[in-house]
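A.B. asks: following is a predicted model, sequence given first.
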Amino acid sequence: MAEYKLHCFAQSGNAYKAALMLALSGADWQAVPIDYFNGETRQPDWRQAVNAMGEAPVLEHGGRRLSQSGVILSYLARRTGKFGPESEEEELEILRWILFDNHKFTSYLATYRFQIALMPQTPNPDVLKFLRGRIDPAFAVVEAHLGTQPFIAGARPTIADISLSGYVFYPPEELGYDFKETHPNIFAWSERIKALPGWVGPYELMPGERFMAQR
Ligand SMILES: N[C@@H](CCC(=O)N[C@@H](CS)C(=O)NCC(=O)O)C(=O)O
């Protein structure tokens, strides 16, 4: 049996953050597939047994069951000794960016992608406009920051990079953004992450088939 178990599914960029950390760290792990699109995370049994918050990812290790990708990344950095902070300053900087990611970067981008690529209903244009109005300023912050240094917390990759990159490796047609065309610093940073030993894309790393909503 693998040392770590990660409850995840291929479309989940939040789960990909944890999966990518496990892959880049060379950890011994196995995926536990979640049947998200048939409502598994909304089932009371699943919530009771796996995560009361009803969200992926969930990491199981040594009798612990952890949710929230930021918590999982911090835990894995401690356990593996990789991609974590090396000083208090760095710890605070990493935490600052993980919180920014969860609130402003991932949350609106993931919701936007779900609307344009995954949900069966045709999205409401006003909702899409609202979401782009939240995404674009968050992207601008990260684009400017990455113009000053190669990785989010400085010269080397940390769990802050892994958190912020949870969604950027999904195909542009799913995201509704093509960073290569619009955000050169974010694109160059994503290429630096891609070049790290052990990097694998979300659809290769986690269980589940790729699809686009048919409307
Ligand atoms: N802040 C959470 C977000 C987790 C999250 O929203 N996961 C999605 C899948 S990508 C989910 O399971 N959503 C179910 C729901 O919101 O009902 C984290 O970083 O782990």
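C.D. replies: In hand now; what should we look at? Residues are numbered from 1 along each chain as shown.

A.B. asks: please list the residues of this protein that sit near the ligand.
C.D. replies: The chain comes close to the ligand at residues 12-14, 41, 54-57, 68-70, 102, 110, as judged by Cβ under 6 Å from any ligand atom. All C-beta atoms are positioned from the backbone trio N, CA, C, and that covers glycine.

A.B. asks: give me the buried subset of these.
C.D. replies: Ser12, Gly13, Asn14, Thr41, Glu55, Ala56, Pro57, Gln68, Ser69, Gly70, Asn102, Ala110 (16 or more other Cβ atoms under 10 Å).

A.B. asks: now those residues as JSON lines including secondary structure and pLDDT?
C.D. replies: Putting those into JSON lines (DSSP: H, G, I helix; E, B strand; the rest coil; pLDDT from 0 to 100) gives the following:
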{"residue": "Ser12", "secondary structure": "coil", "pLDDT": "98"}
{"residue": "Gly13", "secondary structure": "helix", "pLDDT": "98"}
{"residue": "Asn14", "secondary structure": "helix", "pLDDT": "98"}
{"residue": "Thr41", "secondary structure": "helix", "pLDDT": "98"}
{"residue": "Glu55", "secondary structure": "coil", "pLDDT": "98"}
{"residue": "Ala56", "secondary structure": "coil", "pLDDT": "98"}
{"residue": "Pro57", "secondary structure": "coil", "pLDDT": "99"}
{"residue": "Gln68", "secondary structure": "coil", "pLDDT": "99"}
{"residue": "Ser69", "secondary structure": "helix", "pLDDT": "99"}
{"residue": "Gly70", "secondary structure": "helix", "pLDDT": "98"}
{"residue": "Asn102", "secondary structure": "helix", "pLDDT": "98"}
{"residue": "Ala110", "secondary structure": "helix", "pLDDT": "98"}
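
A.B. asks: one step back: which single one of the residues of the chain next to the ligand is nearest to Ile159?
C.D. replies: Distances from Ile159 to the residues of the chain next to the ligand, taken as Cβ to Cβ, are shortest for Gly70 (8.1 Å).

A.B. asks: contact partners for the closest residue to that closest one other than its chain neighbours?
C.D. replies: Leaving out its chain neighbours, the residue that sits closest to Gly70 by Cβ to Cβ, 6 or more residues apart in numbering is Ile98, at 4.5 Å. If a contact means Cβ atoms under 8 Å, 6 or more residues apart in numbering, then Ile98 has Gly70, Leu73, Ser74, Ile159, Ala160, Ser163 as its contacts.
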